[in-house]
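Asks: Sharing a model prediction with you, sequence too.
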Amino acid sequence: MRVVIVTMRYLGDCIVSAALAESVKKQFPDAEVWMLTYKKNTSILEGIESIDGILGFEDHPSYLKQIQDFRGIWKTFDWAFITHKSTRACLYGAIAGKRSVMHSTRLNLKTSWCRFAVTDFVDIPGALHKIDEVALLLKPLLGYVPAPEPIAPYAPLPKKYEEGLFERPYVVFHLCSQYEDKNVAIETWKQIGERLIRSGFRIVFTGGGSKKETSEIKAVSSDWEVKDYLVVSGKLSFGATGALLRKANLYIGVDTATTHVAAATGCPTIALFGPTSVVRWGPACRNASRAYRNDLAVQRLGNVSVIRNKDFLQCHACRSRKEGRCSLSENPRLSKCLQTLAPETIWREVEYWLFNTNLGAKEERTIERSRETGRVN
């Protein structure tokens, strides 16, 4: 049996949807499971054993190129699971799979034609975490709705980073999201970093290597000694980043794909959330509940702490998730809730994960992390 998971959105959607692969493999060990996504997303799937192959397509292909794509994938899979609504996702999924499945409640006027192209539909019973929502798609195949666990990419770290990196404990900072309104104030990062360095930790900056990220990393670390921080932004693949996170003492990051990866590796993770729904997008960790709430300033599930600004829990100024629409901020591209998030709130969670002696020697980590294979048991 050949199965394809269709996700034609961004990195976060891709790694979350990939969790379906393990559920299929558990029921059908001999099944061949592929991902169909954008080419730019393929790196986040590096080293995931339950995925047998990846089909990567251009973001904005010409009509001729799309026709060529369709010819290449025409009914090559027994099942296609379409994880979100979009014209392209419906087209590629319906064409690739002899049977195709998508959420009926995700259809709108633009995608209502999918009812004629897609063979199976499932309903969404209320607000669910994204992983649990996409898991509904497997019911026509499995006969039940599984509870999939998140998965993370893995590849060995380059030797030049292996050497010397682990001479002292380190904390990973991920400053930037694709959307500026998910970013936290520079001064907040500086204060947290300085306190960590005084406590004996080294700061490691991850990211995609963009000019914006490079600029913000420089702004945060400008007063630090070179020995106290390391910049790997733009220098590691997602798989190698997964290996880096598995050995980190702590990860602190904004609402972005790398934060989902950190949570899935078992690394203690502090996620800084602003406009996005935590119920739907809170970082999922293995062997733990995903019962997040949107009305809490701080909440812990498994190896994850999610922090939001307590003064903006009921704010809907930019809840539509349209970047650049925070009417409360002097710079509308930034969210006031995250720009005014108190460093002390974050530091309390840092203390919990790094200095809470009641947790014991790594006993607080309910997930065993494997450095050799990247698998999480």
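Replies: Looks like it came in fine. Numbers count the residues shown, from 1 in each chain.
Asks: And the closest residue to F166 other than its chain neighbours, how far from P125?
Replies: Nearest residue to F166 in three dimensions, chain neighbours excluded: K247, at 6.6 Å (Cβ to Cβ, 6 or more residues apart in numbering). (Glycine included, C-beta is placed from N, CA and C.) For K247, the distance to P125 equals 40 Å [Cβ to Cβ, to the nearest Å].
Asks: neighbour count winner among the two?
Replies: Under the criterion of other Cβ atoms under 10 Å, the comparison of K247 against P125 puts K247 first, with 17 against 9.
Asks: I figured the more buried one was touching Y161, is that so?
Replies: No - contact criterion Cβ atoms under 8 Å: K247 and Y161 do not qualify, at 10.5 Å.
Asks: Which of the helices or strands spans S305?
Replies: Assigning secondary structure by DSSP states H and E places S305 in strand 304-307.
Asks: Direction included, what does that strand pair up with?
Replies: Paired with strand 304-307 in the same sheet, following DSSP bridges, are strand 269-272 (parallel), strand 298-301 (antiparallel).
Asks: Could you identify which of those strands is most buried?
Replies: Highest mean neighbour count among the strands paired with strand 304-307 (mean count of other Cβ atoms under 10 Å): strand 269-272, with a mean of 27.
Asks: Just the C-alphas of that strand, formatted as PDB.
Replies: This file holds the C-alpha atoms of strand 269-272, laid out as PDB (Å, rounded to 0.1, in the frame of the first residue of the first chain):
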ATOM      1  CA  THR A 269      11.100  24.000  25.700                       C
ATOM      2  CA  ILE A 270       9.800  27.500  26.500                       C
ATOM      3  CA  ALA A 271       7.500  28.700  23.700                       C
ATOM      4  CA  LEU A 272       6.700  32.400  23.500                       C
END
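Asks: Report whether W79 is found in a strand, as I expect.
Replies: Yes - according to DSSP: H, G, I helix; E, B strand; the rest coil, W79 belongs to a strand.
Asks: re the thing from before, return the distance of the residue nearest to F166 relative to E46.
Replies: 17 Å.
Asks: Dig out what the residue lying closest to L165 once chain neighbours are set aside forms beta bridges with.
Replies: In space, and not counting its chain neighbours, L165 is closest to L230: 7.1 Å by Cβ to Cβ, 6+ apart. Applying DSSP bridges to L230 gives these bridge partners: V204.
Asks: Who are the contact partners of L230?
Replies: Neighbouring residues of L230 by Cβ atoms under 8 Å, 6 or more residues apart in numbering: Y161, L165, Y170, R202, I203, V204, F205.
Asks: separation between the closest residue to the fifth one other than its chain neighbours and C267?
Replies: In other words, I203. Setting aside the residues directly before and after it, I203 is nearest to Y229 in space (Cβ to Cβ, 6+ apart), at 4.3 Å. Going from Y229 to C267 by Cβ to Cβ gives 18 Å.
Asks: who has more neighbours, the two?
Replies: C267 (26 against 21).
Asks: Contact partners for that one?
Replies: V172, L245, R246, A248, L250, Y251, N303, R369.
Asks: check which helix or strand covers it.
Replies: Using DSSP H and E, no helix or strand contains C267.
Asks: ok, now how distant is it from T256?
Replies: 15 Å.
Asks: if I've got this straight, I252 is in a strand?
Replies: Yes - counting by three-state DSSP, I252 is located in a strand.
Asks: Tell me which residues are up against stretch 71-89.
Replies: For stretch 71-89, using Cβ under 8 Å, 6+ apart, the contacting residues are 1-9, 13, 17, 20, 34, 36, 55, 90, 92-103, 106-108, 110-111, 114, 118, 134, 137-138, 141.
Asks: Quick check: which ranges of this structure have low pLDDT?
Replies: 105-111, 316-317, 319-324, 357-377 (pLDDT under 70).
Asks: Can you show me the strands along this protein?
Replies: Listed from the start of the chain, the chain has strands (DSSP state E) covering 2-7, 32-38, 53-57, 77-82, 97-103, 120-122, 170-174, 202-206, 229-231, 250-254, 269-272, 298-301, 304-307.
Asks: got the angle for the second one vs strand 53-57?
Replies: Between the axes of strand 32-38 and strand 53-57, defined by axes from the mean of the first three to the mean of the last three Cα atoms, to 10 degrees, the angle is 20 degrees.
Asks: Okay, angle between strand 32-38 and strand 97-103 too, please.
Replies: 60 degrees.
Asks: Alpha carbons of strand 32-38, in PDB - could you do that?
Replies: The C-alpha coordinates for strand 32-38 follow below in PDB (Å, rounded to 0.1, in the frame of the first residue of the first chain):
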ATOM      1  CA  GLU A  32       5.100   3.100   1.800                       C
ATOM      2  CA  VAL A  33       4.400   6.600   3.200                       C
ATOM      3  CA  TRP A  34       5.400   9.800   1.300                       C
ATOM      4  CA  MET A  35       5.000  13.500   2.000                       C
ATOM      5  CA  LEU A  36       3.800  15.900  -0.800                       C
ATOM      6  CA  THR A  37       4.800  19.400   0.000                       C
ATOM      7  CA  TYR A  38       6.700  22.500  -1.200                       C
END
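Asks: That one: partners in the sheet, and parallel or antiparallel?
Replies: Counting by DSSP bridges, strand 32-38 is paired with strand 2-7 (parallel), strand 53-57 (parallel).
Asks: Next, the buried residues of the shortest one.
Replies: What it means is strand 53-57. Buried residues in strand 53-57, defined by neighbour count with 16 or more other Cβ atoms under 10 Å: I54, L55, F57.
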